[in-house]
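Peer 1: have a look; sequence and predicted model below, questions after that.
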Amino acid sequence: MKIRPHRDTKKITPICRFAPFKGLKGILENRHFSFSAKKIAVTQSDEEIFRDAMADVREIREFRELPLKSPPRFEHMRPVKDDSLDILQQIVNGKRKITLADTAEYIEWISPRVRKDIIRRLHNGDFSVQDSIDLHGMTLGVAEEAFFAFLRDALKKRLFCIKVIHGRGLRSPNGPVLKEAVKKWLRGAFGKWVLAYVTAKDCDGGLGATYIILK
């Protein structure tokens, strides 16, 4: 006898599928949504922007008036007339006397051991010249020998005021050689015997001669 397999005659129930959005359409149809109007950007003027930015600003009363210094006053100076040419013309014409002390060739020296007014009096000729020597035209070596002999003789005679004529050296290409040498000699070996020396008066040799006061 052939046996047939047993069959279940009951109906098989189908498996339920996952449907999360089922019924969503009905829900949306039953609800009402209200959308607000889109905001429109409004452009402000510079004045309105400044007014909004300064809305919270408060005035500081202490700063209403700030003390300021008065600006300096400048007085207009009157132009000074340059009368150099007029003065020079007067000197050339003999209407004005030249001041030797104002020239570059003027020389003077005074020992700290004597009064300062001695130099002015010596230049003005207040002291009589007791002896003098003329070195003008000599060579430097001859002039040095003659000057030293003259100065030793003056010291031996205890002379007070003497004069040396050395010239101005205007024709010398090296400048006033003898004049510069006399200053060097007076401050050198005989320096301790010299109290003062200065350019002579215009009528007594001027810039080409020197007064000397000895100790």
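Peer 2: Arrived safely.

Peer 1: the helices in the chain, which residues?
Peer 2: When secondary structure is read from DSSP state H, the chain shows helices at 24-30, 46-53, 84-92, 117-123, 140-156, 177-186.

Peer 1: mind putting those into a markdown table with distance to Leu195, mean neighbour count and mean pLDDT?
Peer 2: From N, CA and C alone the C-beta is placed, and that goes for glycine too. Output for those, formatted as a markdown table (distance: least, Cβ to Cβ, whole Å; neighbours: other Cβ atoms under 10 Å; pLDDT from 0 to 100):
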| stretch | distance to Leu195 | mean neighbour count | mean pLDDT |
| --- | --- | --- | --- |
| helix 24-30 | 132 | 9 | 65 |
| helix 46-53 | 88 | 10 | 79 |
| helix 84-92 | 33 | 11 | 62 |
| helix 117-123 | 7 | 16 | 90 |
| helix 140-156 | 12 | 14 | 94 |
| helix 177-186 | 10 | 18 | 91 |
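
Peer 1: could you export those as TSV, including distance to Lys192?
Peer 2: Below are these laid out as TSV (distance: least, Cβ to Cβ, whole Å):
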stretch	distance to Lys192
helix 24-30	132
helix 46-53	90
helix 84-92	40
helix 117-123	17
helix 140-156	11
helix 177-186	11
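
Peer 1: state the distance from Val194 to Ala143.
Peer 2: Separation of Val194 from Ala143 (Cβ to Cβ, to the nearest Å): 18 Å.

Peer 1: re earlier: nearest to Leu214, out of the helices of the chain?
Peer 2: With Cβ to Cβ as the criterion, Leu214 lies closest to helix 140-156 of the helices of the chain, at 6.3 Å.

Peer 1: quick one: list the elements packing against the closest one.
Peer 2: strand 131-134, strand 161-165, helix 177-186 (3 or more Cβ pairs under 8 Å, 6 or more residues apart in numbering; DSSP states H and E).

Peer 1: can you put the ones you listed in TSV and add distance to Arg113?
Peer 2: Below are these laid out as TSV (distance: least, Cβ to Cβ, whole Å):
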stretch	distance to Arg113
strand 131-134	23
strand 161-165	17
helix 177-186	15
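
Peer 1: out of these, which comes closest to Asp86?
Peer 2: Set against Asp86 and scored by Cβ to Cβ, the helices and strands packed on helix 140-156 come closest in helix 177-186, at 30.6 Å.

Peer 1: out of the helices and strands packed on helix 140-156, which gets nearest to Tyr211?
Peer 2: Among the helices and strands packed on helix 140-156, the nearest to Tyr211 by Cβ to Cβ is strand 161-165 (5.7 Å).

Peer 1: so what touches the closest one?
Peer 2: Strand 161-165 is contacted from outside by 122, 127-136, 147, 150-151, 154, 182, 200, 204-205, 208-214, using Cβ atoms under 8 Å, 6 or more residues apart in numbering.

Peer 1: switch to 7 Å and redo it
Peer 2: Applying Cβ atoms under 7 Å, 6 or more residues apart in numbering, the external contacts of strand 161-165 come out as 127-136, 147, 154, 182, 200, 205, 208-214.

Peer 1: how far off helix 177-186 does that strand point, in degrees?
Peer 2: If you take axes from the mean of the first three to the mean of the last three Cα atoms, to 10 degrees, strand 161-165 sits at 150 degrees to helix 177-186.

Peer 1: thanks a lot, see you next time.
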